[in-house]
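**Student:** Kindly generate the corresponding structure for this input.
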Amino acid sequence: MIVIETANSCITKSSVTSNLPTSTANLITSKIETFRGKLIYKEIPPVMSVQAYLGEEFFLITNSQPVSRLVLRPTEKVSREKLQSLHEQAVEITAVYHAGTRPVSNEVTCPLDADRQCMLQGAGYQVLSIKVLSQL
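**Tutor:** Purely as a prediction, here's the structure:
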């Protein structure tokens with residue numbers, strides 16, 4: 001069972017989310033938030049690297065204090081192509097944070113953290129909606 005509270009834009013993760021499709025499970029891990037900033041697309045070179053493993057190619061540079069760089073992830077609602085098309089644009093996004101997953105290191109090739117475990121993969125804000133702003 002999944003409980004979604006719309007009154008306060010909070011989404012609660014239930015104990016049975018492991019049986020959900022990945023795209024749905026990823027969207028129910030945090031509350032929905034809105035950010036404004038400049039969208040940056042950084043192409044990932046097609047080589048084995050930590051950058052390729054993490055898959056971080058979209059960022060939002062916020063104008064809040066302190067200035068921050070948020071990792072953005074495409075979703076079924078906002079595609080990779082849509083994010084690419086808005087490179088260098090001032091945007092407002094609605095997104096939900098996903099902490100990422102850690103593959104089992106003996107099953108995959110992955111960069112290791114200090115504890116000799118696979119690094120987390122897929123962490124970032126999954127974009128639910130996006131609109132172009134005239135300026136920040």
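**Student:** Going by C-alpha atoms from here, please, whenever you check contacts or count neighbours.
**Tutor:** Fine.
**Student:** So which residues of this structure form strands?
**Tutor:** 3-5, 10-12, 32-41, 58-62, 69-73, 90-98, 124-132 (DSSP state E).
**Student:** Could you dump the ones you listed into TSV and include mean neighbour count?
**Tutor:** What follows is the strands of the chain, written out as TSV (neighbours: other Cα atoms under 10 Å):
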stretch	mean neighbour count
strand 3-5	12
strand 10-12	16
strand 32-41	20
strand 58-62	22
strand 69-73	21
strand 90-98	21
strand 124-132	20
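**Student:** Let me have these in JSON lines, adding mean pLDDT as columns.
**Tutor:** Shown next, in JSON lines, are those (pLDDT from 0 to 100):
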{"stretch": "strand 3-5", "mean pLDDT": "31"}
{"stretch": "strand 10-12", "mean pLDDT": "29"}
{"stretch": "strand 32-41", "mean pLDDT": "94"}
{"stretch": "strand 58-62", "mean pLDDT": "95"}
{"stretch": "strand 69-73", "mean pLDDT": "95"}
{"stretch": "strand 90-98", "mean pLDDT": "95"}
{"stretch": "strand 124-132", "mean pLDDT": "96"}
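**Student:** Tell me which of the ones you listed lies nearest to residue 111.
**Tutor:** Comparison of the strands of the chain against residue 111 by Cα to Cα identifies strand 124-132 as nearest, at 18.1 Å.
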